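S.K.: Structural data only, the sequence is not supplied:
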């Protein structure tokens, strides 16, 4: 039986960062797909909108609703593993961290993943979560099949061979086409990655970026504003042996420095903004070079406990470094004080209708501010640079773009909105964010 809270019992839902808060009319936790279908049908009878919510790691209001909020907390776990096909089918509410551990225990792994694993599989894929990769694309590009409940309560399955037009769009569906209930991912035998983390100057990493990208399977870097310092991360497949970072060093760098100390210096920067450049110079030198070899999720992902606000844009890969240099020049001449590093990643082109890498090789620039620090001036200035280069904002992060912008940015935008009109003509899954980005 689905757990439902309504009336005086319903509470306020907030996302992880705390910048989105809503009080839904009903807060429902279905225990099965059939219960979820009944919830959607009942919402239609009551004239309420429906939105599923995962772990709340989106900064945008894509999951916000004043109607029926569906929590997938009881729709979790692996349904099947098909070793011959190289696939795993998993319930939509399963956290990526639980999937990664279960796959590793079965000798399997996703090919690529983002840098955190707190999200549900449906939330991560629906908003276009990605890592970095020369040849391997975002998590949604690893989907081989989807199951979703549509606006009339029907259960629809799709793949390249079954309802292919839905499959093309629903892998990154923004919650606009239905409630995803299960996902089939491509997986492969567990492999090892050798990680090499190395400080590098801004001028060096930008001058040699094409080479670094071409010669590494997974390359990314962080630039620390108000400095010329970067930290580069190179991950490549390895034949071993397994050589994980020591427990102490892993704790010291990933927990103590990257979370504990970083939290403290950001709090100081929020209290004394004038100190931010000096803090940045010190903190950007705190991490030293290291090399280690481990299974994929232990290399790709890391704990991120310091709360921030973020925007991120996907640019044509060839425009990436020019845009980053423009961002640095803007910050150097401004009075802005930014204590969070800028993250730079890449992805190959994919064939998903509204993927930020749809039809083009892409580079990503993510800018952040510590929660509680002013961000609008910084994000607006960054957006002006990114949009001038044909940028596409990450669906789960803050931006100010609208449907007219996306109609020009995505050649297949009309294909997605036409499918939405067919599957959800009454906008059962609508909300203000979807009106902004998709239109009425």
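M.R.: Arrived safely, thanks for sending. Every value quoted in this text rests on a predicted model; they were computed, and no experiment measured them.

S.K.: Find the residue ranges of the stretch 51-200 of the chain scoring beneath the pLDDT cut-off.
M.R.: Residue ranges of the stretch 51-200 of the chain with pLDDT under 70: none are present.

S.K.: Tell me where it has strands.
M.R.: Listed in chain order, the strands of the stretch 51-200 of the chain (DSSP state E, counting those that start in this stretch) span 68-70, 78-82, 87-91, 108-109, 143-149, 155-158, 179-186, 188-189, 192-201.

S.K.: Please list all residues in contact with the closest residue to residue 93 other than its chain neighbours.
M.R.: Nearest non-adjacent residue to residue 93, counting by CB to CB, 6 or more residues apart in numbering: residue 72, 2.8 Å away. (Glycine included, C-beta is placed from N, CA and C.) If you count contacts by CB atoms under 8 Å, 6 or more residues apart in numbering, residue 72 has them with 29, 30, 52, 54, 91, 92, 93, 120, 122.

S.K.: what bridges to the third one?
M.R.: The one in question is residue 52. When assigned by DSSP bridges, residue 52 has beta-bridge partners residue 70.

S.K.: which strands and helices sit next to the host helix or strand of residue 230?
M.R.: According to DSSP states H and E, residue 230 maps onto strand 229-238. The elements that strand 229-238 packs onto, with contact taken as 3 or more CB pairs under 8 Å, 6 or more residues apart in numbering; DSSP states H and E, are strand 192-201, helix 202-207, strand 218-223.

S.K.: Tell me the one among the contacts of residue 72 nearest to residue 312.
M.R.: residue 54 (18.0 Å; CB to CB).

S.K.: so that closest one touches residue 69, yeah?
M.R.: No - using CB atoms under 8 Å as the test, residue 54 is too far from residue 69 to be in contact (11.3 Å).

S.K.: domain parsing for this protein?
M.R.: Listed domain ranges for the chain are 78-189, 192-294+306-393 (source: automatic domain parsing).

S.K.: just those domains: most buried one?
M.R.: Mean neighbours per residue, mean count of other CB atoms under 10 Å, is largest over the domains of the chain for domain 78-189, with a mean of 20.

S.K.: And it, how far out from the chain middle?
M.R.: Distance, stretch centre to chain centre, for domain 78-189: 13 Å (CA atoms, centre = their mean, to the nearest Å).

S.K.: That one spans what distance, first to last residue?
M.R.: End-to-end distance for domain 78-189: 17 Å, by CA to CA, to the nearest Å.

S.K.: next one: stretch 75-87
M.R.: Across stretch 75-87, the terminal residues are separated by 19 Å (CA to CA).

S.K.: Stretch 147-163 now?
M.R.: Span of stretch 147-163 from end to end, CA to CA: 11 Å.
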